[in-house]
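J.: coords please:
(chains A and B)
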Amino acid sequence: MTRKRKQKTSLWRWSVLAFAVQASLASAAVQNEFLDMSLEELVDYRLMSMSRKEQRVADMAAAAYVISAEEIRRSGAQSIPEALRMVPGLNVAQINRNSWAVSSRGFNERFSGKLLVQVDGRSVYSPLFSGVLWETQDTMMEDIERIEVIRGPGAALWGTNAMNGVINIVTRSAASSQGNLLSAAVGSGDWASASLRHGGALEQGGHYKVYGKVGVAGGPLERNTGMVSPDGSGQQRVGVKLEPQVDGGQLSIKADLYQYRSKEGWLTPSLGGFSDAATPYARDALMAAHDQGGALQGRYAWKSTDGAENVLQASIDHDSTLHRGVWGSGVGALKPLGQAPVLMTMGGDKTDIDVDFQQRKVYDAHDFIWGLNLRHTRDNLILPVSPYYLRDGKDQRLSYSAFVHDEITLVPERFKLIVGSKFEKDGLTGFNVQPNARVLYTPSQTEAYWGALSRSVRSPRRTESLATIDISAQDGQAYLPLAVRQGLQQGYGTSANLLTAVTQVSPMAGASVQAEQAVSLEGGWRKQFSNFLSVDSSLFLTDYSHLRGGRLLANPVSPLELQQAMACLAQYGPGVCYYTVAGYNSNSDKARSWGGEVSAEWHPYSWWKIQPSYSYVRIKGTRTGDLLGDFQIAAHEHGSPRHQVALNNNFSLRHDLNLDVRLRYQSQTAFYTVNAFELTRIAPYTGLDMRLAWQVNRNTELSILGRNLLKDRHTEFMNILPTTRAYDVQRSALVQVVTRF
Amino acid sequence: MYLSKQTSSVMFQIACGAWGLRVRALLLALTSGVTLAATAQPSGQAVDRIKAAYVYNFAKFVDLPAADDKAIRVCLLGRDDLNGAMLGLNHRMAQGREIQVRKDVPLDQIKDCTMAFVGDSDARILPAVARQLSNSPVLLVSDARQAMDQGAHLALIFNDDRVEFDVNMLNLQKSNIKASSQMLKLARVVVR
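T.: The predicted structure follows:
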């Protein structure tokens, strides 16, 4: 009886309370699409943080794509670029066993400068060419939580260099890496890799993890000879992540150390007297490369009392890359007499200190984020002799920037306007504003249309703008007046191969370094037709200006130099004297690119998932009639394949047996090789990768992977500036075991 | 290329237009007494909405003791309502029962609740809530980082890019609450 009465009073109190909060309830009822999802779907649901906040890919007004840890595992990818092959529209080309060229929407180079790559929000690039040296970004694949990719500009949020795309590699938190994990793999081509991770709980609360990875790879096949080259490599990496329990926020501290050793064959133009017998006016320098570096990074995220979310991130990182070998084109201070290449070291190191703060506030229809960034770079480039010569190797500069980003809900659940801009003072190129405006229209929860207009810039590398580079070397008789040639004919019996003409670009005296610019117009459409079929597509048009390139001087060969070279020839004999065909670094090329990407995901059966994708990119540069300018434009136009097709299949054969079959096609590309003024065409190719994985038990997976199964060998890419040896990618196989204990 | 002055002023007008609409909708809602303001509210953070969806699923999968009116009373303790996402559960049905979400529930009334939720920003009151509930059959859910150790039955964990949940079977048994085996299978960790 008493019990019942008590319940009645409680009910009464309840209804008073209910009345009191009615008002706040009513105004705050939120549409929540997740409420209709099952527990299974929620557990599997993944968010991405590319817009500097957690967001669904379907809600993004950009061409976004996420590779999950599960997809990486199923693909058997042994490196980050290999995993990036799964992203529709990215061009991933393998140069040799470990080095790669990755680009988005064209302009593929080994050091693709128009693509920003970050690991856990920290920008990674090598000091020497300021691009990503993928072979040194060899983190443990099992430790990657996801890879987020945006094709197209992301500069309004991420700043300089996020011109054609942003890649963010997110590693697992310590909390979700508890226990031990061992992964070991061996493959053809003397390839092997092993990694070990251990995660545990901190005594004072929180978690930690440590990991290490080692790998070796034999030399790849040389394209021209089909011989195994001596360019083998080995790498080691260790890292630790701490996530101590702190009141009021989330703290994580991360440290990494790596070293990478390899041999790399650099092809350089050279004076006739110093060139290799088989390749006149070029020499192949086999350099022993040693890369090493480390990074320390801290991140603290907390919520203010007013509901704002704050993130403070600070990092310091140091990288060095040194190449040792007999090096030089012969061009030097003794002009017109050449200097024989000698054993020397070139390369460089850099130290970055970076502090980044951002705050997010949601109020009314606004989802507002702003942030500040301060970055100090100190670098020392050691390029003592041509073909890459930089006089003032040491430099330090401060860059600072701010960004604002507002996502405004104009019509709830239907229409959003996103405006934002980055304001950046770059230590090299000065003040840059990089705004964008985006719209997102979602007629239903399963369909979205988006459009965007953005301006972005790329800060050129110091090696591009401030160095003196020998572009090519050739027989010097071409520029000699007829009378002089006839005189030589009489004296030496031939006028050929006596002098060398070296085409050289150098910085103009007093010229300032200007940033490359791009204005992009993009649009996209996404639709989820059912739980079994979804489609994602995008189109883009980008206008580039102030592209870096070269120009010949109006009178590139000075008569005085020719005279001096002739005198030198008379004194020292043939082969060792030269004159220059002079050019300068320019910032005035223009180009336009356009294209699109379309991909679908279809589950015809519960055991079969199929993902077809197609992408097209076309680049058209403005020809100026200048030899060097057009040379660079042609390289841009042909360096990336116009068509790419991929077909990824995933079969769950049995509950413990998985088969992945991936086909990819890329259309032809063409590259310049050293001293050539004709493009070398690389045939289109189709690659087939297959992986069969057996889940032995709950903790152990055994897999075999076959790559490039259709052909013995094929070329995917050739490197120009720096020109390295051209290699072929071979058919390969590997076995891998991953076990948790 | 920058947005021209003209374009930005047009955009501004569009924004103002939308604002005007919102104000009118609000006035309409106030005058007619209709409290369907869902139309004009920005959705909370996706993570918060996912967490709220978890709580909704828990209401479906946990055998919750019923009071006379059969309603599932979800009480929010402290100020953290997952940026409003928890309120979206109000009037939804689970196991044939209506969910009633209540905010700012005082500590001494939580035994009248069917489920109690303590958000991460109010983590410090979690031990007091657990103490107050002792072994009452009220399902305590929290997204605080130490929720499992501080007496919650179910904890929501946001790691990297997804939200998962842990189950404390010991506490569930003490409180005499039964969770479906289907749900336990999906948990990240089950403390037994």
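J.: Can you point out the buried residues in the longest strand belonging to chain A?
T.: For chain A, the strand with the greatest residue count under DSSP state E is strand A:577-605. Under the neighbour-count criterion of 16 or more other C-beta atoms under 10 Å in any protein chain shown, strand A:577-605 has A:577-587, A:589-591, A:593-601, A:603 buried. In short, each C-beta sits where N, CA and C put it, glycine included.
J.: What does A:Gln477 show for phi and psi?
T.: phi -70, psi -20 (degrees, to the nearest 10).
J.: what angle sits between the following helix or strand past the longest strand of chain A and strand A:577-605?
T.: Remark: after strand A:577-605, the chain's next helix or strand is strand A:608-621, criterion DSSP states H and E. With axes from the mean of the first three to the mean of the last three C-alpha atoms, to 10 degrees as the basis, strand A:608-621 and strand A:577-605 are set at 150 degrees to each other.
J.: Tell me the buried residues in strand A:608-621?
T.: Buried residues in strand A:608-621 (16+ other C-beta under 10 Å): A:Lys609, A:Ile610, A:Gln611, A:Pro612, A:Ser613, A:Tyr614, A:Ser615, A:Tyr616, A:Val617, A:Ile619, A:Gly621.
J.: same check, this time on stretch A:343-356
T.: A:Met346, A:Gly347, A:Gly348, A:Asp349, A:Lys350, A:Thr351, A:Asp352, A:Asp354, A:Asp356.
J.: neighbours around A:Ser68, how many?
T.: 17 (other C-beta atoms under 10 Å in any protein chain shown).
J.: And for the one 4 residues further on?
T.: The tally of other residues near A:Ile72 (other C-beta under 10 Å) stands at 21.
J.: So it: helix, strand or coil?
T.: helix (DSSP: H, G, I helix; E, B strand; the rest coil).
J.: With adjacent residues omitted, what lies nearest to it?
T.: Nearest residue to A:Ile72 in three dimensions, chain neighbours excluded: A:Ala83, at 5.0 Å (C-beta to C-beta, 6 or more residues apart in numbering or on different chains).
J.: The helix or strand where B:Asn57 lies and chain A in contact?
T.: Using DSSP H and E, B:Asn57 sits within helix B:46-61. Yes. Using C-beta under 8 Å from any C-beta of the partner chain, helix B:46-61 reaches chain A at B:Ala46, B:Val47, B:Arg49, B:Ile50, B:Ala52, B:Ala53, B:Tyr54, B:Tyr56, B:Asn57, B:Phe61.
J.: Mind putting the buried residues of strand A:608-621 into JSON lines with distance to chain B and pLDDT?
T.: Listed next are those as JSON lines, based on distance: C-beta to the nearest C-beta, whole Å; pLDDT from 0 to 100:
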{"residue": "A:Lys609", "distance to chain B": "19", "pLDDT": "87"}
{"residue": "A:Ile610", "distance to chain B": "24", "pLDDT": "92"}
{"residue": "A:Gln611", "distance to chain B": "20", "pLDDT": "93"}
{"residue": "A:Pro612", "distance to chain B": "25", "pLDDT": "95"}
{"residue": "A:Ser613", "distance to chain B": "22", "pLDDT": "95"}
{"residue": "A:Tyr614", "distance to chain B": "27", "pLDDT": "96"}
{"residue": "A:Ser615", "distance to chain B": "25", "pLDDT": "95"}
{"residue": "A:Tyr616", "distance to chain B": "24", "pLDDT": "96"}
{"residue": "A:Val617", "distance to chain B": "21", "pLDDT": "95"}
{"residue": "A:Ile619", "distance to chain B": "19", "pLDDT": "95"}
{"residue": "A:Gly621", "distance to chain B": "19", "pLDDT": "93"}
